[in-house]
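**Q** Just need the structure, nothing else, for what follows:
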Amino acid sequence: MSVLSNEWHSRVRSGQRWRLRSEGVILALMVLLIASLSVAPLLRLVWTAIAPQGVPDAARLWRLLASERVLIATGNTLLIALSSTAISLLLGTLAAWLVALTDLRAKTAWVFAFILPLMIPPQVTALAWLQALAPSSPLALLFTGLGVPWFAPGEQPLYSMTGIVLLLGMHNAPLVFLTVRAGLRRLPADLVEAAQVSGASRWRVLFTIILPLARPAIFAGAALTFVAAAGNFGIQAMLGIPARVPTLITLVYQQLNGIGPAALPNTAVYALLIAMITLAGMGASAWLGGRHDVRVSGAPRLWHQSLGRARALVAALAWLWMVLTLLLPVSALLITALTHGYGQALTWQTLTLENFRAALWGYPAVRDAFVTSLGLTTLAAVILTLTALFLAYFLSWRRTRLVRGLWLASELTYALPGIVTGVAALLFFLRPLPLVNVSLYGTVWIILAAYLANFLALVLRPTLAGFAQLEPALDEAARLCGAGFLRRMRDILLPLAAPSALAGTVLVFLTALNEIQVSVLLVTSRTQTIGPTIVFLDEGGSASLAAAVGCLMIVVVCLLMALATRLTRRLPQGVLPWQA
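**A** Residues are numbered from 1 along each chain as shown. Next comes the predicted model:
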């Protein structure tokens with residue numbers, strides 16, 4: 001009997017060692033992945049900016065930062081980011097109030113339409129608005145027909161600092177909406193009703209209760225918008241370069257485009273400056289949002305405000321805003337794609353599908369860019385989903401300092417503008433990899449590495465929300481029954497967390513398929529992705545073809561959003577940003 005007992009205990013100890021070994025191997029692989037793709041490239045970026053020759057050179061760094069070109073670009077970047085953030089705060093907070101606290105009709109459809117511009121690539125948004133305000137656009141023809149003077153044929157109002165600020169403000173307003181809506185949903189009805197009973201007017205309730213309680217959410221939205229505006233390459237490049245409004249992000253692009261890898265030491269300084277600006281903005285927002293304690297005890301009862309007689313008018317104005325900011329530029333983009341040349345009015349004589357045919361089959365560069373983007377996005381989504389599932393397990397039930405460090409590294413890389421990730425990837429992967437002596441520079445694999453570094457947090461967040469709903473007793477019961485780590489993940493945890501992970505997969509797919517910030521510095525003539533192709537086509541004078549590609553990208557975005565909505569209806573509220 002004792003022999004059997006000893007043998008059984010020996011097997012149990014052996015199984016425990018194997019389970020611990022398998023957990024350790026998985027954790028080690030995640031450390032290797034995040035360290036090599038996120039931490040090491042960022043450290044290399046900082047070191048190259050400070051010591052391009054291997055020795056710190058403070059005089060060279062100061063001379064570069066104090067140059068007139070960098071000072072002007074930095075000033076423009078700050079002005080654009082701050083001004084557009086103010087516009088986004090106004091629009092996003094108003095939209096959040098309508099959706100979270102009023103009885104506005106058809107909220108789900110309106111939220112979907114309001115969030116859609118955020119999902120559309122910024123370069124497509126810029127192109128659509130350029131077409132909407134062109135002399136031959138439907139809007140121009142309408143105003144001209146009414147006798148209202150329009151802009152001169154050679155004049156484009158968006159090619160200006162004002163145009164960049166307005167477009168970025170509208171494009172990033174959904175970021176503020178998402179955070180403020182979440183904050184307003186926690187607004188306790190008791191406080192508002194008590195103030196109303198005491199005779200407080202609506203304006204007094206707004207400024208003394210609603211806005212103060214929503215302050216952390218408002219400043220969190222401001223931080224997201226500031227970072228997004230400072231690092232938005234698509235709009236800054238398509239509007240700022242023709243308008244001769246230099247910013248730090250366009251300075252990086254023009255330096256690398258004009259000089260090549262020899263400009264990397266200087267662009268490392270510019271990228272580091274962009275990173276410092278965004279981190280400072282996030283820090284200031286966190287400090288301002290946390291100056292006063294606005295926590296409420298208990299589970300608050302949601303407060304709703306009736307619009308009363310103004311309900312129909314408010315709904316009409318809300319949908320009119322959608323028509324002006326969404327349908328108008330998209331329709332102008334579609335008209336340009338359906339005509340033979342840029343600037344033509346759409347008639348039966350000018351109507352053509354040739355641009356769509358060329359975008360899908362007739363233009364090899366565009367076709368190859370579609371295929372490359374689709375392949376890279378699919379591969380990145382699969383790898384990141386698997387990584388997020390395992391990392392979410394450790395963050396939920398094995399949260400050590402090492403695991404928290406991995407999580408912070410992924411969040412930091414995602415928070416920084418994509419152009420910073422691109423420069424860091426160039427610096428880190430320019431030389432051949434150790435041992436294998438293979439360089440990733442000029443290949444699709446450097447783009448994949450940047451995607452893996454930049455988008456891990458995007459799929460990790462909904463996956464963590466899914467693990468938060470799982471009962472740890474399930475894992476403990478399986479462990480006591482002798483199931484190993486991989487067996488428990490495969491048979492119990494992964495199936496239960498799969499819906500939330502799937503939502504993150506769709507978000508990664510939506511973001512990576514159309515992105516431009518990360519890949520614009522990494523693409524070459526042989527490895528194009530679809531995001532930068534829009535800019536290259538427009539710069540090359542193929543506006544109609546660029547419009548056709550932009551329309552196809554919008555269709556893909558809408559289809560993916562609809563698919564995600566259908567597949568994830570049973571997920572917790574807020575996993576998908578466009579859910580009302």
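
**Q** how about residue 117, what does it touch?
**A** 125, 170-171, 174, 325-326 (C-beta atoms under 8 Å, 6 or more residues apart in numbering). Where C-beta positions appear, they are placed from N, C-alpha and C, glycine not excepted.

**Q** Of those, which is the nearest to residue 287?
**A** residue 174 (24.5 Å; C-beta to C-beta).

**Q** Could I get the contacts of residue 117 in JSON lines, plus columns for secondary structure?
**A** Below are these laid out as JSON lines (DSSP: H, G, I helix; E, B strand; the rest coil):
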{"residue": "125", "secondary structure": "helix"}
{"residue": "170", "secondary structure": "helix"}
{"residue": "171", "secondary structure": "helix"}
{"residue": "174", "secondary structure": "helix"}
{"residue": "325", "secondary structure": "helix"}
{"residue": "326", "secondary structure": "helix"}
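
**Q** Let me know the closest of these to residue 526.
**A** Taking C-beta to C-beta as the measure, residue 526 lies nearest residue 125 of those, at 28.0 Å.

**Q** what's the nearest residue to the closest one if we skip its chain neighbours?
**A** In space, and not counting its chain neighbours, residue 125 is closest to residue 171: 5.6 Å by C-beta to C-beta, 6 or more residues apart in numbering.

**Q** pretty sure residue 396 contacts residue 464?
**A** Yes: with contacts counted by C-beta atoms under 8 Å, residue 396 reaches residue 464, the gap being 6.9 Å.

**Q** helices or strands next to the helix or strand containing residue 72 in the packing?
**A** For residue 72, the element it lies in under DSSP states H and E is helix 68-101. Helix 68-101 sits against helix 107-119, helix 161-184, helix 215-230, helix 248-259, helix 264-289, with contacts defined as 3 or more C-beta pairs under 8 Å, 6 or more residues apart in numbering; DSSP states H and E.

**Q** Make JSON lines out of those and add distance to residue 443 and mean pLDDT.
**A** Putting the helices and strands packed on helix 68-101 into JSON lines (distance: least, C-beta to C-beta, whole Å; pLDDT from 0 to 100) gives the following:
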{"stretch": "helix 107-119", "distance to residue 443": "28", "mean pLDDT": "85"}
{"stretch": "helix 161-184", "distance to residue 443": "32", "mean pLDDT": "88"}
{"stretch": "helix 215-230", "distance to residue 443": "29", "mean pLDDT": "85"}
{"stretch": "helix 248-259", "distance to residue 443": "17", "mean pLDDT": "86"}
{"stretch": "helix 264-289", "distance to residue 443": "17", "mean pLDDT": "83"}
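
**Q** Export those as TSV, with columns for distance to residue 510.
**A** TSV is the format used below for these (distance: least, C-beta to C-beta, whole Å):
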stretch	distance to residue 510
helix 107-119	6
helix 161-184	13
helix 215-230	15
helix 248-259	22
helix 264-289	22
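
**Q** For residue 42, find the nearest of the ones you listed.
**A** Each of the helices and strands packed on helix 68-101 has some distance to residue 42 by C-beta to C-beta; the shortest is helix 264-289, at 8.3 Å.

**Q** Give the other helices and strands that that closest one contacts.
**A** helix 40-50, helix 58-65, helix 68-101, helix 215-230, helix 248-259, helix 401-415, helix 418-429.

**Q** Past that helix, which element shows up next along the chain?
**A** Counting by DSSP H and E, what follows helix 264-289 is helix 311-322.

**Q** Report the buried residues of that following helix.
**A** Within helix 311-322, the residues that count as buried by 16 or more other C-beta atoms under 10 Å are 314-315, 318-319, 321-322.

**Q** do the same with stretch 26-40
**A** Neighbour-count burial for stretch 26-40 flags 26-27, 30-31, 33-34, 36-39 (criterion: 16+ other C-beta under 10 Å).

**Q** try stretch 84-98
**A** 84-85, 87-89, 91-98.

**Q** cool, and stretch 112-124?
**A** For stretch 112-124, the neighbour count (16+ other C-beta under 10 Å) marks 112-124 as buried.

**Q** just stretch 231-238 next, same as before
**A** 231-238.

**Q** any idea of the pLDDT on the closest residue to residue 181 other than its chain neighbours?
**A** Nearest non-adjacent residue to residue 181, counting by C-beta to C-beta, 6+ apart: residue 96, 4.1 Å away. pLDDT recorded at residue 96 is 87.

**Q** Am I right that residue 96 is in contact with residue 176?
**A** Yes: Residue 96 is within contact range of residue 176, at 7.3 Å (criterion: C-beta under 8 Å).

**Q** before we move on, the earlier item: export the contacts of residue 117 as TSV, with columns for neighbour count and distance to residue 556.
**A** Compiled in TSV, the contacts of residue 117 are given as follows (neighbours: other C-beta atoms under 10 Å; distance: C-beta to C-beta, whole Å):
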residue	neighbour count	distance to residue 556
125	27	15
170	21	22
171	26	18
174	27	19
325	19	21
326	18	17
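
**Q** count of residues packed around the closest residue in space to residue 315 that isn't next to it in sequence?
**A** Excluding its sequence neighbours, the residue lying closest to residue 315 (C-beta to C-beta, 6+ apart) is residue 105, at 5.6 Å. Using other C-beta atoms under 10 Å, residue 105 has 14 other residues around it.

**Q** same thing with residue 276?
**A** 10.

**Q** Also residue 491?
**A** When neighbours are counted by other C-beta under 10 Å, residue 491 comes out with 11.

**Q** Residue 533 sits in which helix or strand?
**A** With secondary structure defined by DSSP H and E, residue 533 is part of helix 530-539.

**Q** thinking in terms of the whole chain, how far from its middle is that helix?
**A** Chain-centre distance of helix 530-539: 19 Å, with C-alpha atoms, centre = their mean, to the nearest Å.

**Q** Which positions within that helix qualify as buried?
**A** Within helix 530-539, the residues that qualify as buried by neighbour count (16+ other C-beta under 10 Å) are 530-538.

**Q** thinking again about what came up before, correct me if wrong: the residue nearest to residue 125 contacts residue 239.
**A** No: at 11.4 Å, residue 171 does not count as touching residue 239 under the criterion of C-beta under 8 Å.

**Q** Which strand or helix spans the most centrally placed residue in the chain?
**A** In the chain, the centroid-proximal residue (C-alpha atoms, centre = their mean) is residue 511; its distance is 6.3 Å. Following DSSP H and E, the helix or strand that holds residue 511 is helix 494-514.

**Q** residues of that helix that come out buried?
**A** Residues of helix 494-514 classed as buried: 497, 499-514 (neighbour count, 16+ other C-beta under 10 Å).

**Q** for stretch 427-445, same thing?
**A** 427-429, 440-441, 443-445.

**Q** ok, now stretch 396-414?
**A** By 16+ other C-beta under 10 Å, the buried positions in stretch 396-414 come out as 396, 403, 406-407, 409-410, 413-414.

**Q** Who's the closest spatial neighbour of residue 546, skipping the chain neighbours?
**A** Nearest non-adjacent residue to residue 546, counting by C-beta to C-beta, 6+ apart: residue 537, 3.8 Å away.

**Q** Number of residues surrounding residue 468?
**A** So residue 468, with other C-beta under 10 Å, has 12 neighbours.

**Q** residues contacting it?
**A** residue 396.

**Q** where's it relative to residue 405, distance?
**A** Using C-beta to C-beta, to the nearest Å, we find residue 468 at a distance of 21 Å from residue 405.

**Q** Next: residue 55.
**A** Relative to residue 405, residue 55 is positioned 29 Å away (C-beta to C-beta).

**Q** With residue 258 instead?
**A** Distance of residue 258 to residue 405, given as C-beta to C-beta: 38 Å.

**Q** Ok, residue 228 next?
**A** 26 Å.

**Q** what bits of the stretch 1-150 of the chain have low per-residue confidence?
**A** 1-20, 136-150 (pLDDT under 70).

**Q** farthest-separated two in the buried residues of stretch 112-124?
**A** Farthest-apart pair in the buried residues of stretch 112-124 is 112 and 123; separation 22.0 Å (C-beta to C-beta).
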